[in-house]
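**Student:** what shape does this take:
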Amino acid sequence: MSGTELNNQRLLVFAPTRRALSETFIRANLEGLPFELSAYFGDEFQGKRPLALAYSFGITLSKVLTRLHLLRLAGLPASLVAWCLIQKHRPDLVLAEFGFEAVRVMEAAVWAKVPLVAHFRGSDASAHDRLGLLEGRYRRLLGVVSGVIVKSRPMAQTMERLGADPAHILISPSGANAQLFRGGNPAIAPPVLLAVGRFVAKKGPLQTVRAFGRCSEQGGTAMKTAELWMVGDGPLLVAAQALVIQLGLQNRVRFLGPKPPVAVAALMREVRAFVQHSCVAPDGDSEGSPVSVMEAQLSGLPVISTFHAGIPEVVIDQTTGLLVQEGDERAMADCMIELLLDPSRAEALGNAGRNRVLRHYTIDHHLRDVTAFLRARMPMSFVGQELIKHV
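**Tutor:** Residues are numbered from 1 along each chain as shown. Purely as a prediction, here's the structure:
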């Protein structure tokens, strides 16, 4: 098959949103996958695009029916619109971003006899209100999909338990942008720790604040000049701000709000280390492989985090970062103190992390792997079949 034919392969993407700052991986896929691509989103009520508007209304109705636990019926409204979109675009393959979006459109792919790939990200494969509620529908989904993309080995094991064929699973962390995230220098950076992520339970913002608060107790006066910068917003932000006041850390913890990737990359060039106390949330929600962790490593920062989900796959404890058990705030404080007091150690871990991510976990690696995975599940074009006939 020629390069022109490959580039003309058509991909139809369904996703919940592309607008949220945290959904950088969806935008990266849309911009980087080398297909003739059309995309529709569940939150874009645009009157100038009737089918896009219809899809958003279909998704809204599906959500309402899901909340009413009418799960089979919930798969019909969005699928009816998705079927119309498949007839319009005639894709070689449908890609659904997030498992719950795949459930909403899977019947359309079945009706149209078009291959479907489901891309699971994190909460859709862990949270009780997603995995627990939709388990039966996921089993149906995994029986009809041509492939599944996940972020980590634990997530792949969840899919296998639900019936996915291991041979049809791709494990691919979303990867980080090597052109944007670079230039950090922990050896000369001030004693500042950076956390980036939504203020939600699985990111562990309260655990991170409490661990930082322990630094003064465990590290003595040398820690008095250390700071923690936190980027993001979310439902636990107010609780984190109150905790900072309770611990008397107002002059040492800075809440910077949500930032675009360019601003995050600039901040990573100003600090000593990256911190994130990821853990299983009370509702079961877990990480996949946090992109911010890979971005920090590409920036040359050591990562202080936890043995959670896919993090140990991208951060090697004592080699590219320091990992602790979920909930062990004292151990995380020890790791913070170690790197705040030893810039050369921070530099060594950061350099090793950058080199490893450059070899395995950039956005280019992700796009290459996903492209090959999707192409392998697309029907052969006429040109491809003709080439095979003449071999």
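**Student:** straight-line length of stretch 110-121, end to end?
**Tutor:** Counting by CA to CA, to the nearest Å, you get 23 Å between the two ends of stretch 110-121.
**Student:** residues of that stretch that come out buried?
**Tutor:** Neighbour-count burial for stretch 110-121 flags A112, V114, P115, L116, V117, A118, H119, F120, R121 (criterion: 16 or more other CB atoms under 10 Å). Heads up, the C-betas are built off the backbone N, CA and C, glycines and all.
**Student:** can you check stretch 269-276 too?
**Tutor:** When burial is assessed from 16+ other CB under 10 Å, stretch 269-276 yields the following buried residues: V271, R272, A273, F274, V275, Q276.
**Student:** and the strands in the stretch 101-250 of the chain?
**Tutor:** 116-119, 147-150, 169-171, 192-196, 227-231 (DSSP state E, counting those that start in this stretch).
**Student:** closest to N351 out of those strands?
**Tutor:** Nearest of those to N351, taken as CB to CB: strand 192-196 at 17.5 Å.
**Student:** and that closest one, C-alpha only, in PDB?
**Tutor:** Extracted in PDB, the C-alpha atoms of strand 192-196 (Å, rounded to 0.1, in the frame of the first residue of the first chain):
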ATOM      1  CA  VAL A 192      10.800  24.400  45.200                       C
ATOM      2  CA  LEU A 193       8.500  21.400  44.500                       C
ATOM      3  CA  LEU A 194       5.900  21.400  41.800                       C
ATOM      4  CA  ALA A 195       2.600  19.500  41.600                       C
ATOM      5  CA  VAL A 196       0.500  19.600  38.500                       C
END
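**Student:** okay, the angle between that strand and strand 227-231?
**Tutor:** Angle, strand 192-196 to strand 227-231, by axes from the mean of the first three to the mean of the last three CA atoms, to 10 degrees: 20 degrees.
**Student:** and strand 192-196, which strands flank it?
**Tutor:** Taking DSSP bridges as the criterion, strand 192-196 forms sheet pairs with strand 227-231 (parallel), strand 273-275 (parallel).
**Student:** distance between the longest one and the chain's centre?
**Tutor:** Just to be clear, that refers to strand 227-231. Centre-to-centre, strand 227-231 and its host chain are 21 Å apart (CA atoms, centre = their mean, to the nearest Å).
**Student:** could you list the residues in contact with it?
**Tutor:** Residues outside strand 227-231 that contact it (CB atoms under 8 Å, 6 or more residues apart in numbering): 190-197, 205, 208-209, 212, 240, 249, 252-259, 264, 267, 271, 275.
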